Each structure stands twice: as C-alpha cells, then as structure tokens.
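Asks: Provided below are the primary sequence and the corresponding predicted coordinates.
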Amino acid sequence: MKNFINQPNLKTTDNRGALLTEQTNIKSIDLDILSTTELVSLFSTEDLIPQKAVANSISEIVIAIDLISKRMKSGGRLFYLGAGTSGRLGLLDAAECPPTFCSSPDLVQGILAGGTAAIENSSEGLEDIGSLGIDDLKARCFDGKDCLIGISAGGTTPYVRHALKYAKRINALVVSITCVPKDQINIECDVDIRLLTGPELLTGSTRLKAATATKMTLNIISTSVMIRLGKVYQNRMIDVSITNQKLLDRAIRILSEITNLKRKESLALLKKSNGSIKTAIVMHSLDINFEKANDILRKNNNNLREVIKFSKTKLPIRNH
C-alpha cells in the first residue's frame, strides 16, 4: 500500500467531521477499555439501528424497486457502483443474483473502484478519481436504458458522485444510497435513499452500521426486483440455478411442494425440464412437453402466475 501522506502535490481537503458518518458516538468513548462482554453487548445493541434506518426509508426503497423493475422489464440492466466497503457490498449482491434467480451475470452487475482485485487488496485511493467512475460505466456499455445505484456511506466519494452525474446526464435511472442527511450532502439523483444509522462505535468505520443497513437495502431491492420479473412463485425460488447437491435438493423440494409429486417423480421431471423448476411446473400442470411449456412461458413474460391465470389451473400445495 502506497503512503498517501507522502505523495507529491498533496492537497488538504474540507473537514468532514460534521458528517453524520464521521461523528463520534458518545456510547463508545471508552471502547478500548471495555470488557469483551461489554463490547459484544454494545455492538449487538447498536446493530438494531440499521433495521430502523431501513424502515425509515421504505417509501424511497419502494419507489426505487418499482422504477428499476419497469426499466428491467424493458431490457435495462441494474448496476451497483461504489468504492471500498460500499463497492464490495454491491459486488456481493450482484454476484448472488445468478445462482439465486438463474439470471444472466449481465443483468445485475457490481462495479468496484479498482475492479475485482480490490476485493482482497485495498485500493481506497481510487475513490478520489471521479473520472474513473465514468470510465468504469462506459467499459460496461452502460446506457440510458439502464439503472445505476451509487453507494457512498458519507456521500462525498468522487468516484460515485461523478458516475451518478454521468448516468443522470444520459437519462439512465439514478438511485443514490448514503448514510448522511440531505442537509449535509446534496446528491443529484432520481431516488435518494438515506439510511441514517448515526455515528459508528468505531468512529468513521462505516463498514459497521452503515454497511449493515446498506446490505439490507440491497437485499430488499434485488430480491423485490427479481420477484417483479417473475423469478419467484409464492415464496419459492422457481428460477434457482441447480449447481450443487444442496440446490438440487431445494429444487426437488420446491417442485414436490407445488405439484404434490414425490421426490423421485420430481427429479425425473426436473431432468425432462433441463433443470428448470418453472418449466417443470408448467409441463406437469398442463401435461405438455418441454418445448410447449417454454413457449407458453415466453408468451406470458416468463411469469408462472400469468401462466396459471392463462390455464385456469390451480396448483396444489402440500401442507407439512
């Protein structure tokens, strides 16, 4: 890691001490001398705050989900962009979408300042290069049909701010997630999500409460969007990607619960459907082959609920 303080032409910056994420938490003034039990108890209590922060932002999160879903139904993609912890959280959520929803890796993408190498090796210095955020979007062919969620706990990161301005300029959907109030930092965006988790127990360490609230919010957004895209039926992962024994077992159980088939029958049906739970359900409920089931799904936006309405078929659920 380069010594930042010794770089040539070092410039002083504005004092960020007034930002909510940089303030000192009076509950942890004696953090360094607390017993281990006191430490864990304090952290446990403070970690209830992110839940409240998310709950206080429900209206903005709802708007973001609905706007993102609309764009993605029209062919748009969803991008998370951030530096340091913020960027890693976006990268993590994006990486979890393909195995959970069998979505294309291109559909939801995470962009981290410094690329994937920055997952293990800190490259926080890159967050000061505003143009890099724009370059990283252009490298992904980001355009006006797409959606960008810029993540910056303190809201000051040039890498994120420049990317948000660029996305706004080309008429993409722009969502900002920060953990500071609007009167401290103004951000130009379509949806402004403020997760006010307050000062961290370890002053300025936003990988704690701020990161927890952010991860919760990303979970809610990506899962809700995938539900809107028809990748969930009831509360089941009907588009789960079967890539290991655990997921095979889950797929068999989902299919058995929805169709009342026994495990052996469900496995045989999954093989006929090329591992697609959704297609298998349609094949079974309408007594049709793989090709016809996929054709009906395509005509109904790959939405199982729509197919059920179309077929006037009620699928049984076995009670346990």
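Replies: Thanks, I have the structure now. Numbering: from 1, shown residues only.

Asks: Where does the prediction get shaky in this structure?
Replies: In the predicted model, the chain carries pLDDT under 70 at residues 1-14, 123-124, 310-320.

Asks: any idea how far the helix or strand M72 falls within is from the chain center?
Replies: Under the criterion of DSSP states H and E, M72 resides in helix 58-73. A distance of 12 Å separates the C-alpha centroid of helix 58-73 from that of its chain, computed with CA atoms, centre = their mean, to the nearest Å.

Asks: That helix packs against which elements?
Replies: strand 147-151, strand 173-178, strand 191-194, helix 209-228 (3 or more CB pairs under 8 Å, 6 or more residues apart in numbering; DSSP states H and E). No exception for glycine: its C-beta is placed from N, CA and C like everyone else's.

Asks: Check which helices and strands the last one sits against.
Replies: The elements that helix 209-228 packs onto, with contact taken as 3+ CB pairs under 8 Å, 6+ apart, are helix 49-55, helix 58-73, strand 78-82, helix 84-101, strand 147-151, strand 173-178.

Asks: Sheet partners, orientation included, of the last one?
Replies: According to DSSP bridges, strand 173-178 has the following sheet partners: strand 147-151 (parallel), strand 191-194 (parallel).

Asks: re the thing from before, now what about the helix holding M72, what contacts it?
Replies: The contact list for helix 58-73, computed with CB atoms under 8 Å, 6 or more residues apart in numbering, reads 54, 78, 107, 145-147, 149, 173, 175, 190-194, 217, 220-221, 224-225, 228-229, 301.

Asks: Just the buried residues of that helix, please?
Replies: Neighbour-count burial for helix 58-73, counted by 16 or more other CB atoms under 10 Å, picks out 60-61, 64-65, 67-69, 71-72.

Asks: what number of residues lie near V160?
Replies: As a burial measure, V160 scores 29 neighbours (other CB atoms under 10 Å).

Asks: shouldn't it be in contact with S86?
Replies: Yes: the pair formed by V160 and S86 meets the contact definition of CB atoms under 8 Å, at 7.4 Å.

Asks: hey, what's in contact with both of these two?
Replies: Taking CB under 8 Å, 6+ apart as the contact criterion, the residues that touch both V160 and S86 are 151-152.

Asks: List the buried residues in stretch 102-113.
Replies: Buried residues in stretch 102-113, defined by neighbour count with 16+ other CB under 10 Å: 102-103, 107-113.

Asks: how far does that stretch sit from the chain's center?
Replies: Its chain's C-alpha centre lies 10 Å from the corresponding centre of stretch 102-113 when counted by CA atoms, centre = their mean.

Asks: what do you get for stretch 260-277?
Replies: Centroid displacement of stretch 260-277 relative to its chain, using CA atoms, centre = their mean, is 30 Å.

Asks: Grab the most central residue of this structure for me.
Replies: Closest to where the C-alpha atoms of the chain average out (CA atoms, centre = their mean) is L218, at 3.4 Å.

Asks: For the residue lying closest to L148 once chain neighbours are set aside, grab the count of nearby residues.
Replies: Distances taken as CB to CB, 6 or more residues apart in numbering put A167 closest to L148, at 4.3 Å, once the chain neighbours are dropped. Other residues within reach of A167, judged by other CB under 10 Å, total 29.

Asks: again with R77
Replies: 21.

Asks: could I have stretch 97-104 exported to PDB, CA atoms only?
Replies: Coordinates of each C-alpha in stretch 97-104 appear next as PDB, following Å, rounded to 0.1, in the frame of the first residue of the first chain:
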ATOM      1  CA  CYS A  97     -28.300 -13.000  -8.200                       C
ATOM      2  CA  PRO A  98     -27.300 -15.600 -10.900                       C
ATOM      3  CA  PRO A  99     -27.300 -18.600  -8.500                       C
ATOM      4  CA  THR A 100     -30.400 -17.500  -6.700                       C
ATOM      5  CA  PHE A 101     -32.500 -16.400  -9.700                       C
ATOM      6  CA  CYS A 102     -30.700 -18.000 -12.600                       C
ATOM      7  CA  SER A 103     -30.300 -14.500 -14.100                       C
ATOM      8  CA  SER A 104     -27.600 -13.600 -16.600                       C
END
